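1. with the input below, show me the fold.
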Amino acid sequence: MEFALTEEQRILRDTLGRFMETGQRDTPMTERWKALAELGALGIGFTEDEGGLGGGPREMELVLEAAGQHRRTEPLIDALAIPGAALAKINPDRLAEIVSGDTMTIAAFAEENDPEGTAPRLQFRNGRLSGSKSLVPSGAGASQILVSALESDRLVLAEVTAHVADLQPMMGGQTGVRLQFQDT
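-> Numbers count the residues shown, from 1 in each chain. Below you'll find the predicted structure:
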């Protein structure tokens, strides 16, 4: 099945394509992230009610498609699509921080033997985390990290300030982190 783009979506696709092809590549991630925000790419996939610029999943797909076509390394899924969708539901006021590029919140759901992050072993008890998360792509550039954890039999999302020491170089120039929590 093929979907036809509206005129606005075609303009967005072409603008994003030009930016992804010619935009900054060798600058720090925070500068590239801010440039994407100024272009409107960080807010276009969210409705105005969610704090975004009025788009939806199709517009988010156009952002991701443009980045993939031009082999961009910005963490658009881990720092935009996943945390943005979560924050739009649980704390829409916080989505504005992502849309503006003021913060980079990375989703850290994957764990050892659970790369999809569907069965977290990280524990949340009495407001404290214990356990670990596998390699978090671009985690070194994040100001906040959104982790999934279990509290008894309930899934919770906890936002932690990014201050980690276990850095891991990755392909494409990213620096990932491994997270360890001990009654944190």
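2. residues in contact with residue 94?
-> residue 87 (Cβ atoms under 8 Å, 6 or more residues apart in numbering). To be clear about C-beta, it is placed using only N, CA and C from the backbone, and glycine gets the same treatment.
3. buried residues in the helix or strand containing it?
-> Using DSSP states H and E, residue 94 sits within helix 92-99. By neighbour count on 16 or more other Cβ atoms under 10 Å, the buried set for helix 92-99 is 94, 95, 96, 97, 98, 99.
4. okay, the residues you listed in a markdown table with pLDDT next?
-> Formatted as a markdown table, the buried residues of helix 92-99 follow (pLDDT from 0 to 100):
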| residue | pLDDT |
| --- | --- |
| 94 | 81 |
| 95 | 84 |
| 96 | 84 |
| 97 | 84 |
| 98 | 85 |
| 99 | 87 |
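5. out of these, which is nearest to residue 75?
-> The nearest member of these to residue 75, counting by Cβ to Cβ, is residue 98 at 11.8 Å.
6. per-residue confidence for the nearest residue to that closest one once chain neighbours are set aside?
-> Computed as Cβ to Cβ, 6 or more residues apart in numbering, the closest residue to residue 98 that is not its neighbour in sequence is residue 84, at 5.3 Å. Listed pLDDT for residue 84 reads 83.
7. mind checking the backbone torsions on the residue positioned nearest the centre of the chain?
-> What sits nearest the mean C-alpha location of the chain, by Cα atoms, centre = their mean, is residue 79, with 1.2 Å. The phi and psi values for residue 79, taken as degrees, to the nearest 10, are phi -120, psi 0.
8. lovely, talk soon.
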